[in-house]
Structures are given as structure tokens and as C-alpha cells.
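J.: Just to be clear, the model below is a prediction. Sequence and coordinates:
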Amino acid sequence: MHRLPRRRAGIPVGLNVLTLAAIFGILIHFDPAAPTAGTSGAETHSAIIGRASVIDGDTLDIHGQRIRLHGIDAPESNQPCRRTGEGRWRCGRDAAFALADRTGTAPVRCMRRDIGRYGRVVAICTKAGEDLSAWMVASGWAVAYRQYSQDYVILEQEARAAGRGLWQGSFDMPRDWRRKSRSSSAGAGQ
């Protein structure tokens with residue numbers, strides 16, 4: 001007579017491993033500052049964590065969420081600048097490349113500060129504890145956005161004095177360049 005093997009009492013080993021992996025994953029992504037039931041991310045300083053894609057020198061995308069870096073303004077991707085003795089160069093593209101190189105593939109943590117006028121999350125984003133806004137301004141690839149924050153003004157002054165990044169030559173402040181660009185494209189459509 002053929003007997004079926006006896007089952008051990010308890011949970012199969014494979015299921016134990018999956019359960020532990022799930023618990024570990026929850027603990028890694030647990031954020032005590034995350035919104036709780038009945039609150040929204042705009043009301044709390046909840047975190048967005050993950051691998052960042054760089055949109056431009058002051059905008060990231062994490063898990064489909066557009067995030068504007070707090071307190072800085074970087075040139076648009078197609079914004080040109082002028083280098084002393086070399087002429088025009090695509091400083092906006094280079095600012096985006098600098099941010100992409102800095103973020104790499106490591107996880108980025110963004111703490112929400114506000115919702116901007118275009119509906120984007122405005123956040124302080126860090127990689128391994130380093131404030132990416134501070135790094136962009138100190139490296140000269142962005143300017144302090146004084147209209148919204150004074151946090152990075154001293155770093156901008158230091159980058160300018162050292163001739164780093166955008167300060168290698170001359171450029172229109174990103175806000176002014178966007179305004180000119182919008183007005184010239186509006187006039188072209190008339």
C-alpha cells in the first residue's frame with residue numbers, strides 16, 4: 001500500500017522567507033513622517049524615496065512624481081549661456097547632466113516642503129544625507145531662488161566668486177530666460 005508523505009505542521013519554509021522579505025521591505029520604506037489616514041502629503045513633511053530620474057537641473061522624477069528642488073533655480077535644458085572667450089554653450093543641459101551624475105542610481109529621499117504653483121511637489125532632496133539643492137548651488141549649476149528661500153544664497157555667492165558652473169561666463173537668470181522665452185513664443189504665434 002502506498003502512503004502519502006506526512007506534512008509537517010506549521011508554515012512551509014518558502015513562505016517564511018517570503019514573509020520575512022515582505023516585512024523587511026516594509027521596514028526599509030517605513031517613514032514615520034509619512035501621512036496617516038485622513039492627512040495628505042501637502043499637510044505633512046512626508047518622504048518620497050527611490051531612484052530619481054533627472055528632468056532638468058532643478059526637477060526630479062521619482063516613481064512618476066515630479067519634484068521641484070526646494071530653494072533653487074537652474075537653467076532650462078535648452079537655455080544657452082556664454083563662456084568667456086568660447087561663445088555660447090548649453091548650460092541648462094550641462095546642469096541637468098551634473099545633477100544626474102550626482103544622483104546616479106542610488107536612492108534619493110525627498111522631504112516635501114510645499115506644492116508649487118504648477119502642482120509639483122517642492123522638496124528638499126538628499127542622496128546619502130547630502131542636500132542636492134545645496135550641492136547644485138555650491139557647484140554653480142543652479143542659483144538660489146531668492147523669491148522662495150534664502151537657504152542657499154551664501155553658497156551661490158561662493159560659487160560665483162570661484163567661477164564654478166554657470167559662473168564660468170555670463171547667463172540670464174533662469175527665471176528671466178523663461179519669461180523672455182514665453183513672451184517671444186507668444187509673439188511668434190500672433
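T.: Great, that's in hand.

J.: ok, Ala96 to Asp58 distance?
T.: 9 Å (Cβ to Cβ, to the nearest Å). Any C-beta I mention is one placed from the backbone N, CA and C, and that applies to glycine too.

J.: higher neighbour count, the two?
T.: Neighbours were counted for Ala96 and for Asp58 using other Cβ atoms under 10 Å; Asp58 has more, 27 against 22.

J.: Quick check: the more buried one vs Ile72, distance?
T.: For Asp58 relative to Ile72 (Cβ to Cβ), the value is 5 Å.

J.: shared neighbours of those two, which are they?
T.: Residues within reach of Asp58 and of Ile72 at once, by Cβ atoms under 8 Å, 6 or more residues apart in numbering, are 133, 136, 142.

J.: From Asp151, how far out is the residue most central in space within the chain?
T.: Nearest to the mean C-alpha position of the chain, by Cα atoms, centre = their mean, lies Leu60 at 3.7 Å. Distance, Leu60 to Asp151, by Cβ to Cβ: 18 Å.

J.: Could you do Ser170 as well?
T.: As judged by Cβ to Cβ, Ser170 and Asp151 stand 25 Å apart.

J.: Show me what the longest strand along the chain is packed up against.
T.: Ranked by residue count and defined by DSSP state E, the top strand of the chain is strand 107-115. With contacts defined as 3 or more Cβ pairs under 8 Å, 6 or more residues apart in numbering; DSSP states H and E, strand 107-115 has these neighbours: strand 47-51, strand 59-62, strand 121-127.
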